[in-house]
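# A structural model of the following input is requested.
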Amino acid sequence: MLALDFIVGEFFDRNFTYAVKVDRFGHRRNLQVLTLGSAHYRGRVVVLVDHLSASAAEIFAATIQGKHRGTVIGRKTSGYVLFARLHSLPGGGMLECSEDDLRTMQGKRLEATGSCRMSSRRQPPWTTCVRAAIPTSMRLCAF
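The predicted structure is shown next:
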């Protein structure tokens, strides 16, 4: 997650906790934004998401939205954010196990629920949503 810590840091000018990692025993570890002094990008931010947005992409979108740094547009994300580790097996095999969960600073669990909706009303088909999202994001960024 170190890469995500730095990516999020590119959009904020100060360090803060953006999520909490929770292991199977309930131990919590704060995930901190890592900045190099100041945000490199200070302009408007629009994040486009859909059902294929997963893992770090979901966490990034939730952070941008939760900290009111930008607008998240699109459809509900996939809900795949568990932290997994590889374990060696006898005979040379590998076993991947999910060991940690993640919660946003607002306490929302993204696993199996995803994040972001354009609105609470019924969602249009995916292609319609993408066609609508691009002009909306351009308008929000004043391109």
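
# Geometrically speaking, which residue is the centre of this protein?
Closest residue to the average C-alpha location of the chain: I59 at 1.7 Å, with Cα atoms, centre = their mean.

# what's the closest non-adjacent residue to L110?
V81 (4.6 Å; Cβ to Cβ, 6 or more residues apart in numbering). (Glycine included, C-beta is placed from N, CA and C.)

# Show me what the lengthiest strand in the chain packs onto, helices and strands only.
Looking across the chain with DSSP state E, the single longest strand is strand 94-104. Counting contacts by 3 or more Cβ pairs under 8 Å, 6 or more residues apart in numbering; DSSP states H and E, strand 94-104 packs against strand 17-23, helix 56-66, strand 83-88.

# what's the neighbour count on the residue nearest to L110?
By other Cβ atoms under 10 Å, 27 other residues sit near V81.

# for this protein, which spans come out with low pLDDT?
Within the chain, the ranges that satisfy pLDDT under 70 run 1, 37-39, 112-143.

# three-state assignment of F6?
helix (DSSP: H, G, I helix; E, B strand; the rest coil).

# contacting residues for it?
L34 (Cβ atoms under 8 Å, 6 or more residues apart in numbering).

# related to what we said a few turns ago, is the residue nearest to L110 in contact with T104, as I believe?
No. Using Cβ atoms under 8 Å, V81 is not in contact with T104, being 9.9 Å away.

# Can you pull the residues that touch both of the two?
Common neighbours of V81 and T104 (Cβ under 8 Å, 6+ apart) are I59, L110.

# name the element the residue nearest to L110 belongs to?
Secondary-structure assignment from DSSP states H and E places V81 in no helical or strand segment.

# Report the contact partners of it.
A54, S55, E58, I59, D101, L102, L110, E111.

# Only C-alpha atoms, please: export stretch 73-81 in PDB.
What follows is stretch 73-81, C-alpha atoms only, in PDB (Å, rounded to 0.1, in the frame of the first residue of the first chain):
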ATOM      1  CA  ILE A  73     -18.400  10.100 -10.900                       C
ATOM      2  CA  GLY A  74     -19.600   6.800 -12.300                       C
ATOM      3  CA  ARG A  75     -21.100   3.600 -11.100                       C
ATOM      4  CA  LYS A  76     -20.600   1.600  -7.900                       C
ATOM      5  CA  THR A  77     -17.100   0.100  -7.700                       C
ATOM      6  CA  SER A  78     -16.400  -3.600  -7.400                       C
ATOM      7  CA  GLY A  79     -15.900  -3.900  -3.600                       C
ATOM      8  CA  TYR A  80     -12.600  -5.800  -3.700                       C
ATOM      9  CA  VAL A  81     -10.300  -4.200  -1.100                       C
END
